[in-house]
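Asker: structure for the following, please:
(one chain, ligands or ions: 1)
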Amino acid sequence: MGDDTNGQGRRRGSDRRIAVIGAGPGGISSAYFLREAGYEDITVFERAGEVGGTWQRNRYPGLACDVWSHVYSFTWNLNPAWSRSYATQPEILAYMIRTVDDFGLRTYVRLNTGVDAARWDEETSTWVLSLDSGEEFVADVLISGQGMFGELRYPDIEGRDTFGGVAMHTGAWDESVSLDGKRVAVIGSAASGVQSIPEIAEVAGHLTVFQRSANWVLPKEDVEHTAEQLEAFADPTALAEYHAGIMTFLGASTPFSNPEINGAAEWIAACAIEVVEDPETRRKLTPDTPWGCMRPLFSNHYYPTFNRPDVALVTDPIERITPTGIVTADGTEHELDVIVFATGYEVTKFASRIPITGRGGRSLEEAWADGAQAHLGITTSGFPNLFMLYGPNTNQGSLIPMIEYEAQYAVKAIQAMDAEGIDWLDVRPEVMDAYNERLQDAIDEVEVWKGGCSHYYLAESGRMVTQYPWSMFDFRESVSSVDLDEFEVGTR
Ligand SMILES: Cc1cc2nc3c(=O)[nH]c(=O)nc-3n(C[C@H](O)[C@H](O)[C@H](O)COP(=O)(O)OP(=O)(O)OC[C@H]3O[C@@H](n4cnc5c(N)ncnc54)[C@H](O)[C@@H]3O)c2cc1C
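Answerer: Numbers count the residues shown, from 1 in each chain. Got it, this is the predicted structure:
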């Protein structure tokens, strides 16, 4: 068992030791709100060599925000300088790094330090973290900001490891690989495929897109901000008003529950497909599932890419990968230099991506055998003083505001413990169950998620564990205060 004091003998109030896993938007928000509340003993463990999370790790060409950048911003550091409506990855990453440095948050971050496991020690009521450096670290509170997209998903294709050329996942893009003039394949036509395919087509000698199922792709009004707009945003009041204006609309919306919005979105996407000249390609690009059934996608460049003579769309299933390329079920051999896997991420594990052991030696993985679940997406029964950001069923709208609401809830819970002289709190199972029953009932009412094509959102048990069925403002309201009656509490 580790030393329960980290050598400092401090436990409550502003001295409470708080460990945070990950320095993406979740870890950054946590450090900010904790410090604002007077907590100073904060350690943010980040496996990577820099902060920024998703935006640090993902570097594939074409990666950009798919919500307006002005609302994909920390509310405490709105950015007057966003160059366009939907900023690209380098600009978002630069903003994250700047935020951490300008707000003096780097002092809390331990880069190149992964948390391999965490165990709740019932005797000392502390979390004991095993770090990849071999150290143990003891904390009173654990905030998991591991994010949803930390684990790459590869398709189960025969011969995948036999390819003799370059094979890379969009989520682990190798910037040293030149695609100039190469014969490139992209497997997958969902979010990262739609963003990267137009960019890859610009440089590749030939691009073959292997599509399993077609997705609706909406245009986005992605424009550079004018000098006048940038000048206006430089006024903090005007910037805050602009932010509030977008939030008023986005925060209140529940697009998937509204058949009229779904129908309109599908019609707009169907019109966008009309740009594709070849009728057969157009047909193949047209989904047979309703809009909203899968993750919504946005691009102004995706469909026009299929008019290029050097781009082919293949919908025959992939039979195997060989040392020289891809063979499809119709027997065609596609000779290739590079295969790009735009096949997404394992999204249903949340904090259980590392072994986390709670009360009674029960692991999070065991507790979630039927799929991840939490009260308000943040706390889960049997794991005291564990707060999860971007946890189960919190995927909705713009994720930075959602994560901010969650981080603020964690801070309020810690403050409530301090006010009551409590060392730990653990959400009561019946409270968590009642919340999840209500949540799953609401999910069942979203018609477009019932079509059988939303499997990306489902745990193995078939339960939808990623999506939030209500609005961002509903979520904000639900986590605006902490009710200690919902928790079992204790002292050391
Ligand atoms: C390609 C892509 C595009 C996206 N586009 C949008 C968008 O347009 N709008 C939107 O709202 N959301 C988008 N998202 C979702 C995005 O992940 C969230 O907006 C946001 O980044 C989540 O922040 P986070 O801090 O929870 O997780 P992340 O950003 O994923 O950060 C998690 C961090 O934790 C670190 N970490 C994980 N496990 C450990 C460990 N055991 N020990 C130490 N460190 C660890 C990781 O290295 C990472 O730095 C996108 C996601 C992807 C993958």
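
Asker: next, name the residue at the spatial heart of the chain.
Answerer: Met148 (4.4 Å; Cα atoms, centre = their mean).

Asker: what residues does that one make contact with?
Answerer: Under the criterion of Cβ atoms under 8 Å, 6 or more residues apart in numbering, the contact list for Met148 reads 345, 347, 350, 390, 395, 466. Using the backbone N, CA and C atoms, a C-beta is placed for each residue, glycine as well.

Asker: now flag whichever of those residues is closest to the ligand.
Answerer: Set against the ligand, the nearest of those by Cβ to the nearest ligand atom is Tyr390 (3.7 Å).

Asker: settle this for me: Arg16 is touching Val141, isn't it.
Answerer: Yes: at 6.2 Å, Arg16 counts as touching Val141 under the criterion of Cβ atoms under 8 Å.

Asker: ok, back up a step: and the pLDDT for the residue nearest to the centre of the chain?
Answerer: At Met148, the predicted lDDT confidence score is 95.

Asker: any stretches of the stretch 301-450 of the chain with poor pLDDT?
Answerer: Low-confidence regions of the stretch 301-450 of the chain, defined by pLDDT under 70, are absent; no residue qualifies.

Asker: circling back to that earlier point, let me have the contacts of Met148 in JSON lines, extended by secondary structure, neighbour count and distance to Leu458.
Answerer: Listed next are the contacts of Met148 as JSON lines, based on DSSP: H, G, I helix; E, B strand; the rest coil; neighbours: other Cβ atoms under 10 Å; distance: Cβ to Cβ, whole Å:
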{"residue": "Tyr345", "secondary structure": "strand", "neighbour count": "21", "distance to Leu458": "14"}
{"residue": "Val347", "secondary structure": "coil", "neighbour count": "21", "distance to Leu458": "10"}
{"residue": "Phe350", "secondary structure": "helix", "neighbour count": "27", "distance to Leu458": "14"}
{"residue": "Tyr390", "secondary structure": "coil", "neighbour count": "27", "distance to Leu458": "18"}
{"residue": "Asn395", "secondary structure": "strand", "neighbour count": "19", "distance to Leu458": "13"}
{"residue": "Thr466", "secondary structure": "coil", "neighbour count": "23", "distance to Leu458": "8"}
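
Asker: TSV for the residues you listed, including distance to Glu36?
Answerer: As requested, the contacts of Met148 are exported to TSV (distance: Cβ to Cβ, whole Å):
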residue	distance to Glu36
Tyr345	31
Val347	30
Phe350	26
Tyr390	20
Asn395	26
Thr466	29
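
Asker: mind putting these into CSV with distance to the ligand?
Answerer: Listed next are these as CSV, based on distance: Cβ to the nearest ligand atom, whole Å:
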residue, distance to the ligand
Tyr345, 6
Val347, 9
Phe350, 10
Tyr390, 4
Asn395, 8
Thr466, 11
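
Asker: so which strand or helix has Thr208?
Answerer: Using DSSP states H and E, Thr208 maps to strand 206-210.

Asker: now do the next helix or strand along the chain from that strand: which elements does it pack against?
Answerer: Per DSSP H and E, strand 206-210 leads on to strand 217-218 as the next helix or strand towards the C-terminus. Counting contacts by 3 or more Cβ pairs under 8 Å, 6 or more residues apart in numbering; DSSP states H and E, strand 217-218 packs against helix 259-273, strand 297-298.

Asker: now do the contacts for the closest residue to Val203 other than its chain neighbours.
Answerer: Of all residues beyond its chain neighbours, the one nearest Val203 is Leu179 (4.9 Å), with distances taken as Cβ to Cβ, 6 or more residues apart in numbering. Under the criterion of Cβ under 8 Å, 6+ apart, the neighbours of Leu179 are 200, 203-204, 338.

Asker: Leu179 sits in which helix or strand?
Answerer: With elements taken from DSSP H and E, nothing contains Leu179; it lies in neither a helix nor a strand.

Asker: so what's it scoring on pLDDT?
Answerer: According to the model, Leu179 carries a pLDDT of 98.

Asker: switch to numbering from 33
Answerer: Will do, 33 is the new start, and the previous item becomes Leu211.

Asker: related to what we said a few turns ago, farthest pair in the contacts of Leu211?
Answerer: Val235 and Val370 (10.8 Å; Cβ to Cβ).

Asker: those two: who's more crowded?
Answerer: Remark: of Val235 and Val370, Val370 carries more neighbours, 21 against 14, as counted by other Cβ atoms under 10 Å.

Asker: and stretch 476-488, anywhere near the ligand?
Answerer: No: no part of stretch 476-488 sits near the ligand under the criterion Cβ under 6 Å from any ligand atom; the closest distance found is 12.6 Å.

Asker: give the contact list for the closest residue to Ile358 other than its chain neighbours.
Answerer: Counting by Cβ to Cβ, 6+ apart, Ile358 lies nearest to His366, which is 4.6 Å off, once chain neighbours are set aside. His366 makes contact with 217, 240, 346, 357-360 under the criterion Cβ under 8 Å, 6+ apart.

Asker: hmm, try it at 7 Å
Answerer: Shown here is His366, whose contacts under the criterion Cβ atoms under 7 Å, 6 or more residues apart in numbering are 217, 240, 357-358.

Asker: likewise Glu78?
Answerer: If a contact means Cβ under 7 Å, 6+ apart, then Glu78 has 54-55, 59, 141-143, 145 as its contacts.

Asker: tell me the spacing between the residue of the stretch 183-332 of the chain found nearest the ligand and Glu207.
Answerer: Using Cβ to the nearest ligand atom, the point where the stretch 183-332 of the chain gets nearest to the ligand is Ser224, with a distance of 5.5 Å. Ser224 is 15 Å from Glu207, where distance means Cβ to Cβ, to the nearest Å.

Asker: compare these two (neighbour count), which wins?
Answerer: Between Ser224 and Glu207, counting by other Cβ under 10 Å, Ser224 is the more crowded of the two (25 against 8).

Asker: enumerate every residue touching the more buried one.
Answerer: 92, 202, 374, 376.

Asker: just Gly213 next, same as before
Answerer: Gly237.
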